[in-house]
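Chemist: A predicted structure for the sequence below; I have some questions about it.
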Amino acid sequence: QVQLVESGGGLVQAGGSLRLSCAASRRLSTFNSMGWYRQAPGKQRESVAEFVAGDITNYADSVKGRFTISRDNAKNTIDLQIESLKPEDTAVYYCHVTIAIAWSPYTMEYWGKGTPVTVSS
């Protein structure tokens, strides 16, 4: 089992910044991929930023240039720095990791409980 605990969400004005953090119960090196998703009210959950393999990152087009994902292998944390927040960034942000299942093409995925971000205009 993997526990993921997010923190750092809150209420912020448009144009402001936040830093979200995800604390994992395992070493980050055990994960195939790790990153952040978000789900806005009435919308599907979407990937915003992730490490897809090693140091290779992938960002949603809507957040490129404003969101930066980073990790601290010593602390087992995955952070998301968010700049120039917009009202449309309002959502619950979830930490997500995958772990390969040995001898199979499949992976297990784990989710945190989420941290809410509300951006006021």
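Modeler: The structure has been received and is ready for your questions.
Chemist: V48: neighbour count?
Modeler: Neighbourhood size, V48 [other C-beta atoms under 10 Å]: 24. Using the backbone N, CA and C atoms, a C-beta is placed for each residue, glycine as well.
Chemist: which residues of the protein fall in strands?
Modeler: Using DSSP state E, the strands found in the chain span residues 4-7, 10-13, 18-24, 33-39, 46-53, 56-59, 67-72, 77-82, 91-100, 107-111, 115-120.
Chemist: mind putting these in a markdown table, mean pLDDT included?
Modeler: What follows is these, written out as a markdown table (pLDDT from 0 to 100):
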| stretch | mean pLDDT |
| --- | --- |
| strand 4-7 | 98 |
| strand 10-13 | 97 |
| strand 18-24 | 98 |
| strand 33-39 | 97 |
| strand 46-53 | 94 |
| strand 56-59 | 95 |
| strand 67-72 | 97 |
| strand 77-82 | 98 |
| strand 91-100 | 96 |
| strand 107-111 | 95 |
| strand 115-120 | 98 |
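Chemist: what residues are up against V5?
Modeler: Counting by C-beta atoms under 8 Å, 6 or more residues apart in numbering, V5 makes contact with C22, A23, C95, G112, K113.
Chemist: show me what contacts the residue nearest the centre of the chain?
Modeler: In the chain, the centroid-proximal residue (C-alpha atoms, centre = their mean) is W36; its distance is 1.7 Å. Neighbouring residues of W36 by C-beta under 8 Å, 6+ apart: 20, 22, 47-50, 69, 78, 80, 93-96.
Chemist: then A14?
Modeler: Per C-beta under 8 Å, 6+ apart, neighbours of A14: L85, K86, P87, V119, S120, S121.
Chemist: which residue, other than its chain neighbours, is closest to N32?
Modeler: T98 (4.6 Å; C-beta to C-beta, 6 or more residues apart in numbering).
Chemist: fine by me, we can end here.
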